[in-house]
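Engineer: Make a model of this:
(chains A, B and C)
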Amino acid sequence: MGYAFSMWKNTRMIVLVAVCAAIYAAALIAFKTAIPLIPGITEVRVAGIFLVVFGFLFGPAGAWGLAFGNLMGDLFGGTFGPASLTGFLGNFLQGYLIYTLWTNLVPFADKVYEWKVKSRRSWIRYVIITCISSAASGIIIAVAVDALGVVPYTVLSKIITLNNSIGGIIGVFLLIAVYDITRGQLGLVWTDVMDVEVPVRRPRGPLGAWIVTAGVALGLLCNLIPGLPVNVASWLSAGIIILGSLLL
Amino acid sequence: MNVSLFQDHDSWLHRLDPRTKMIGAIILFAIILSFNHPLFMAGISLGILAAAFSARSLSALWKLRYILVLLVAFSSILWPFFSEGPTTIWYWKFLKVSRESLLFGIAMGLRLAAFVMTSLILLATTRNEDMTNGLIKMKLPYPVAFALSTALRLVPTFAGAGATIVQAQVSRGLDLESKNIVSRFGTLIPLAVPMFVSAIRYTNLLAMALESRGFTPDSPRTLYYEPTMGRRDWATLAALALILVVSLYLRLGLGVGVVMPGRM
Amino acid sequence: MPASVSIESLSFAYRNAGTRVLKDLSAQIEEGTFIALMGHSGAGKSTLCCAMNGLVPRFFRGNYDGRVTVEGKKVTKCGIVELSKMVGLVLQDFEAQLFSTNVELEIAFGPENQMLSREIIRERIDRYLSFVGLEGERHRDSSTLSGGQKQRLAIGSVLAMEPRVLVMDEPVTDLDPKGREAILSISGRLRDQKRTLVVVDNEYENIIKADRIWLMKEGEIVAQDSSASILSNAPLLESCGVMAPPTVSLFHAMSWPGSPFTFEDAKSLLKEGNLVTRREKSGFEECHSPRKGNPLLEARDLSFQYPGSLVLSLRNINLVIHEGEFVAILGENGSGKTTLAKHLNGLLTPVSGEMLVESRPTRAYRKPELARQVGYVFQNPDHQIFAPSVREEVGFGLKIRGEKPGIIEENVGRALAATGLEGYEDKSPFLLARGERERVAVASVLAVKPRVIILDEPTTGLDYAHQLETMRMLKSLNEEGHIIIIITHAMWIAESFATRTIVMRQGEIITDGPTRRVFADERGLSETSLVPSALVRLSNWLGTASLTVEGMVKELQS
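Structural biologist: Now for the predicted structure:
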């Protein structure tokens, strides 16, 4: 969690939060009413292609940017309400998991913080992390929205997971197109902006990564486990995901 | 695209402290969550409409009329199938609609509309800076508040850039009118990449201009607009709090305003 | 007198870049002087500006050697807030410098960071808003200001921090003539107040009042001298990619004594020395009337109104453009130039009247079909570049039309050759310099071989050498048979390249004719706040038909 807070001392990172939030919000608002899946809650998100790219390239700034962007999308798209708070948390978590899992999810993790288009391991890592982070975000949002009595958990968690995973995976083409210029010419990859050569991997990192993964698995499969009511399983899963995230 | 919903009038709601309006909106959310009976929701919605009228914000609401209608309509259609009540009025195979679930659906639609109207009044009567200052006064760290207000300011800038990018690519022959899903998909990268790159190029410039203006993230600064809580502010908050207490008593103590017990 | 700013053997290389941008620079600025900084793009002007206010090396990291002191203090030793009281920096991009939604808060932003009291901030808002002439806009939303007003606000908000030295990096480049005028009058007043002022600007008209000029080339200051002596040295200026005053070049070519920069000076020198006889103004039209081909574009009573707007953006436009023409559209910002241009390729369709391309209304075309006939190069190349290589970028328009690979390759090759980009095929377009990106944008429109090419401010942001290169390329395309239409603020570009000039104001065409005739009517132009260049005014006074130095020399010697 350290970088997510220490980044607020860095002017470039603060501006990156604003820029990411503005792009994400603009894309959300532009397509808000285009294809609503559940009006007022979620829609087909073209903005999804920015999810993983922001999280990966701008790390903590990307995570905060997604969170604020989602909040602004709600505010100006006219879908603001108590559920927006969990939207904030869910989108932050997605960005956060992308940059933390990249170096912590052993054995898929990378020792350096880089995207290598020619490396098959980079691609596998990208897809796995996209799916895990999307599901974590979906579960957290759906648990709370269900509790508010707006949409049932089992429907919403799967819609968000699928929606974000698809958007995130398509986003790889955006990443390929912009990685070199962002890293080389503009020097805006977060590890360079914050002067961290390699993000520190503490021993508890990989543990956290796998706890999150386990939580996600429980959350997605909870209606298949006999004897465990869905609302108990879903809250349990959300708790495990948050616990694991705090260890990262 | 103009995303600022603020409307520069002089009404009692405009004059309230931004903190009052933000906390007030949260209390109002809680009141809205207290009931799920359509009549009660309609009453609350009418109250909010009256507030919008007194703040001369109805024209801002009018901009969102389609979303509001959609919310109520969709919810009224969806919920009857997803919730169950004792008085079945229609069924077909496993689908079942009860009187209670129908009313619940209408109530949920009105609830979402009430949420939207509340936040809209807040945005229409509160300047971007005032909101930020209010958040700072409520102990939100300045860099966070600054990022939020800058993001709000950048949305129209980027939306404008987005429109230009669309025109530039259409001028090169990019076909956005095609009905074919696959070719629509192919338009994503020629649009998203310039959007991303031109915005990110902007980042360095913005950060540089910011530091030249003496911006230091973690040091204290003066606030030129200092919001102050006046008597009206405390009175407004007290009134809202009273309504919340009454609502909770009605709902929890007397069980009034409910068509679907056991749901929020 | 003590040196206000002192630069001592300063060298700098950006992180991840091999070559040094600044090479062992040494220079001094005395208090109360106005220094102008000129040089080609990439010469290190902006980097030097940043080094003066400490952004280099604090914000832009890299290898830093030597030192910069302001009033005896080393900038590298100062904190951000302390520096803001020493050196203020105004940038070219006015949008990027505004952070607040209303005008007075924008001025307050710097002083707020300096922890000044609310009373002092209020005084500064009063003082500097009236200094930059925005006191009437105090509570206005800054995003609704015009470009010129935004730049004035940016200057005011930097001044409000009361820095000892004010540095302005190309403050007028993105502005229209009216906006420029206002900024230049502000810098004139700052000079009268004996402020220490550093201005980067490559157009000599804007910095005639400078005490000294530093001329930069490839990271070094190759000359620093009084502005009169630098500006009269045409070969030196041109070797640094800076346009020399054409009146100076004319005087040198004619071996007339003196090096005047302004029309008035040139006129009085000529009168005093009795050097030349004025001719009758005649034959302008025959001499420069364009060879007219078939009409290709035609607007009939065209009017347009943006949705939600209360006024017409275009009013009763009637216009025919023929094959072979090279058209310049001039006018203030908001006069409808771009709106008109967007009708020509169907991006916008008229509210009333007709826009015809090859006698068929643009409404009747599908957009990709029209794009094939009429190409449009947008102002900022970054708004369209997306592909990993120049080859793919330029071939994109052909590829989405489903052309065969062989044909794509042939056309791309031809477009790259025409734009001087051979050998760039496999480079990433993002990593090219601004001028090269501009050419990639032109090439990508050119590759589909449209009969008409419209360019929105093709030379903004380029230095003189690149401007000349771009315009020569357009001229040769025109000679090959393409209709060229440019929107521009640069008078000399319209004067020396366009065969026909259209002047717009408030959505109407007020003048349309052969360029020579349009520019002969100085009074008519001044109504739209356009001022022809000193050379053209001299040509009008002399009665010569040509608008370029070479042409005038030829006429005057015959």
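
Engineer: going forward, measure contacts and count neighbours with C-alpha atoms only.
Structural biologist: OK.

Engineer: for the stretch 151-300 of chain C, what spans make up the strands?
Structural biologist: With DSSP state E, counting those that start in this stretch as the criterion, the stretch 151-300 of chain C has strands at C:165-169, C:196-200, C:212-217, C:220-226, C:295-304.

Engineer: The fourth one relative to strand C:212-217, how many degrees between them?
Structural biologist: Spelled out, that is strand C:220-226. Compare the direction of strand C:220-226 with that of strand C:212-217 by axes from the mean of the first three to the mean of the last three Cα atoms, to 10 degrees and you get 160 degrees.

Engineer: Quick one, grab the pLDDT at residue 221.
Structural biologist: Went with chain A since none was named. Note for A:L221: predicted pLDDT of 87.

Engineer: wrong one, chain C
Structural biologist: Note for C:I221: predicted pLDDT of 95.

Engineer: show me the contacts for the nearest residue to it once chain neighbours are set aside.
Structural biologist: Spatial nearest neighbour of C:I221, chain neighbours left out: C:L215 (5.6 Å); criterion: Cα to Cα, 6 or more residues apart in numbering or on different chains. By Cα atoms under 8 Å, 6 or more residues apart in numbering or on different chains, C:L215 lies in contact with C:L37, C:M38, C:G39, C:I221, C:V222, C:A223, C:Q224, C:L237, C:C240.

Engineer: Emit the ChimeraX select command for whichever of the residues you listed are buried.
Structural biologist: Entered in ChimeraX, the line below selects the buried ones among the contacts of C:L215, by 16 or more other Cα atoms under 10 Å in any protein chain shown:
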select /C:37,38,39,221,224,237,240
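
Engineer: rewinding a little: just put the strands of the stretch 151-300 of chain C in JSON lines and tack on distance to A:L248.
Structural biologist: Below are the strands of the stretch 151-300 of chain C laid out as JSON lines (distance: least, Cα to Cα, whole Å):
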{"stretch": "strand C:165-169", "distance to A:L248": "44"}
{"stretch": "strand C:196-200", "distance to A:L248": "49"}
{"stretch": "strand C:212-217", "distance to A:L248": "51"}
{"stretch": "strand C:220-226", "distance to A:L248": "49"}
{"stretch": "strand C:295-304", "distance to A:L248": "57"}
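
Engineer: from the contacts of C:L215, which is closest to chain A?
Structural biologist: Closest approach between the contacts of C:L215 and chain A, by Cα to the nearest Cα: C:G39, at 22.7 Å.

Engineer: The closest one: what's it in contact with?
Structural biologist: C:G39 is in contact with C:K45, C:N202, C:L215, C:M216, C:K217, C:C240, C:G241, C:V242, counting by Cα under 8 Å, 6+ apart.

Engineer: can those residues go into CSV with extra columns for pLDDT?
Structural biologist: Listed next are these as CSV, based on pLDDT from 0 to 100:
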residue, pLDDT
C:K45, 93
C:N202, 89
C:L215, 95
C:M216, 95
C:K217, 94
C:C240, 92
C:G241, 89
C:V242, 92
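
Engineer: any chance you could map the strands in chain B?
Structural biologist: B:88-92, B:95-98 (DSSP state E).

Engineer: right, so those: which one is the most enclosed?
Structural biologist: With neighbours taken as mean count of other Cα atoms under 10 Å in any protein chain shown, the strands of chain B reach their highest mean count in strand B:95-98, at a mean of 17.

Engineer: quick one: the helices in chain A?
Structural biologist: Counting by DSSP state H, residue ranges of the helices within chain A are A:2-6, A:11-30, A:48-77, A:83-104, A:120-147, A:153-180, A:190-193, A:204-221, A:230-247.

Engineer: Nearest approach to chain C belongs to which of these?
Structural biologist: helix A:153-180 (6.3 Å).

Engineer: Packing partners of that closest one?
Structural biologist: Judged by 3 or more Cα pairs under 8 Å, 6 or more residues apart in numbering or on different chains; DSSP states H and E, helix A:153-180 is in contact with helix A:48-77, helix A:120-147, helix B:188-212.

Engineer: Dump those helices to a markdown table, plus mean neighbour count and mean pLDDT.
Structural biologist: Shown next, in a markdown table, are these (neighbours: other Cα atoms under 10 Å in any protein chain shown; pLDDT from 0 to 100):
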| stretch | mean neighbour count | mean pLDDT |
| --- | --- | --- |
| helix A:48-77 | 28 | 91 |
| helix A:120-147 | 23 | 92 |
| helix B:188-212 | 22 | 91 |
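
Engineer: Please spell out the segments of the chain that come in under the pLDDT threshold.
Structural biologist: As the question left the chain open, I've gone with chain A. A:32-44, A:77-78, A:149-150, A:198-201 (pLDDT under 70).

Engineer: Switch to chain C, please.
Structural biologist: C:1-2, C:281-292.

Engineer: How about the residues of it by chain A?
Structural biologist: C:N16, C:F386, C:A387, C:P388, C:F430, C:L431 (Cα under 8 Å from any Cα of the partner chain).

Engineer: on that earlier part again, can you say which of the helices and strands packed on helix A:153-180 is nearest to C:R437?
Structural biologist: helix B:188-212 (12.7 Å; Cα to Cα).

Engineer: hang on, the earlier thing: to B:H37, which of the strands of the stretch 151-300 of chain C lies closest?
Structural biologist: Checking these against B:H37 by Cα to Cα gives strand C:295-304 as the closest, at 50.7 Å.

Engineer: which bits of the stretch 101-250 of chain B sit near chain A?
Structural biologist: Residues of the stretch 101-250 of chain B lying near chain A (Cα under 8 Å from any Cα): B:108, B:112, B:115-116, B:119-120, B:143-144, B:147-152, B:154-156, B:158-159, B:189, B:192-193, B:196-197, B:199-201, B:203-204, B:206-207, B:210-211, B:216-218.

Engineer: do stretch C:96-115 and chain B meet?
Structural biologist: Yes: Stretch C:96-115 comes into contact with chain B (Cα under 8 Å from any Cα), by way of C:96-97, C:99-101, C:105, C:108-110, C:112-115.

Engineer: starting at the chain centroid, how far to stretch C:197-211?
Structural biologist: Centre-to-centre, stretch C:197-211 and its host chain are 14 Å apart (Cα atoms, centre = their mean, to the nearest Å).

Engineer: How far does that stretch stretch from one end to the other?
Structural biologist: Counting by Cα to Cα, to the nearest Å, you get 10 Å between the two ends of stretch C:197-211.

Engineer: Quick check: buried residues in it?
Structural biologist: C:197-204, C:206-211.

Engineer: Stretch A:177-193 now?
Structural biologist: For stretch A:177-193, by 16+ other Cα under 10 Å, it's A:177-183, A:187-191, A:193.

Engineer: Between all of those residues, which two are at the greatest distance?
Structural biologist: A:A177 and A:V193 (20.2 Å).

Engineer: Closest residue of chain A to chain B?
Structural biologist: For chain A, Cα to the nearest Cα, closest residue to chain B: A:A18, 4.2 Å.

Engineer: who touches the spatially closest residue to that residue that is not a sequence neighbour in this structure?
Structural biologist: Distance criterion Cα to Cα, 6+ apart; nearest residue to A:A18, sequence neighbours excluded, is B:A151 at 4.2 Å. Neighbour list for B:A151: A:V17, A:A18, A:V19, A:A21, A:A22, A:G69 [criterion: Cα under 8 Å, 6+ apart].
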